[in-house]
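Q: quick one, what's the 3D model for this:
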Amino acid sequence: MTQGGYTAEILQLTEKGQAIAEKNDPQAKIDAVLSVEIFSAFFDHYKNATVPATAASTDFLKSQEVPEQSVASCLEILLECGEYVALIQEISGVKRIVSSEHALETLSKRQPKISGATFSSSDQADKELAGTETPTFTPAKQQVAVAPSLHIDVQIHIAADAKPEQIEKIFESMAKYLYNK
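A: Numbering: from 1, shown residues only. Take a look at the predicted model:
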């Protein structure tokens, strides 16, 4: 989803990250979850079946060489991501794992559809961030469906011996690439 680590001068979204953040692309969301090898193996193994009990899920993750101390958190994240991208759906009162095609169809129906929306100026985002102008947004005709929102957590791990200039560069890069500032 991102390029660059805590020592990089620049943090950037990958193409897939941009598709999710900027276009709210349902296929990119599913691809992001399935790009995690263990997640892909789990969803492929249990496709078209009910979500397995915790004991069976735990055994599967252990068989895929997930370290013992990481199994519970891995399973929790896997299930949460699966529900978020509709790979896990409640069908007839039972949670089931569905194909990525079925998930895409479901997720696409949930997406809010907004077209033709405009800001009054191409510099609007910069002005809003600087606090110099009240936003003027002209919404287009909007069809809103129930959809999960996208929340991205950015974690920055800074070495204890990092110089203030390095830290400043990290935050400058974040402002530039995350906020277009």
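Q: ok, and the closest non-adjacent residue to residue 16?
A: residue 28 (5.2 Å; C-beta to C-beta, 6 or more residues apart in numbering). Placement of C-beta: from N, CA and C, glycine included.
Q: the one you found and residue 20, how far apart?
A: Separation of residue 28 from residue 20 (C-beta to C-beta, to the nearest Å) stands at 5 Å.
Q: kindly report the same for residue 159.
A: In terms of C-beta to C-beta, residue 159 sits 29 Å off from residue 20.
Q: more neighbours, those two?
A: Legend: neighbour count by other C-beta atoms under 10 Å for residue 159 and residue 20, higher for residue 20 (20 against 10).
Q: give me the element the more buried one is part of.
A: Following DSSP states H and E, one finds residue 20 within helix 15-23.
Q: which residue ranges form the helices in this structure?
A: 15-23, 26-34, 37-45, 54-63, 71-84, 100-110, 124-130, 164-179 (DSSP state H).
Q: and of those helices, who's closest to residue 5?
A: Closest to residue 5 of these, according to C-beta to C-beta: helix 164-179, at 10.5 Å.
Q: in the chain, where is pLDDT below threshold?
A: In the predicted model, the chain carries pLDDT under 70 at residues 111-154, 179-181.
Q: at 90 what do you get?
A: Scanning the chain for pLDDT under 90 picks out the ranges 1-25, 91-92, 106-181.
Q: that older thread, surely the residue nearest to residue 16 and residue 22 touch.
A: No - counting by C-beta atoms under 8 Å, residue 28 sits too far from residue 22 to count as a contact (10.0 Å).
Q: tell me which of those two has more neighbours.
A: A count of neighbours by other C-beta under 10 Å puts residue 28 above the other of residue 28 and residue 22, at 20 against 10.
Q: that one and residue 167, how far apart?
A: 31 Å.
Q: could you do residue 160 as well?
A: Noted for residue 160: a distance of 11 Å to residue 167, by C-beta to C-beta.
Q: how far off centre is stretch 84-98?
A: 19 Å (C-alpha atoms, centre = their mean, to the nearest Å).
Q: typed the wrong thing, it's stretch 46-64
A: When distances are taken as C-alpha atoms, centre = their mean, stretch 46-64 is centred 23 Å away from the chain's centroid.
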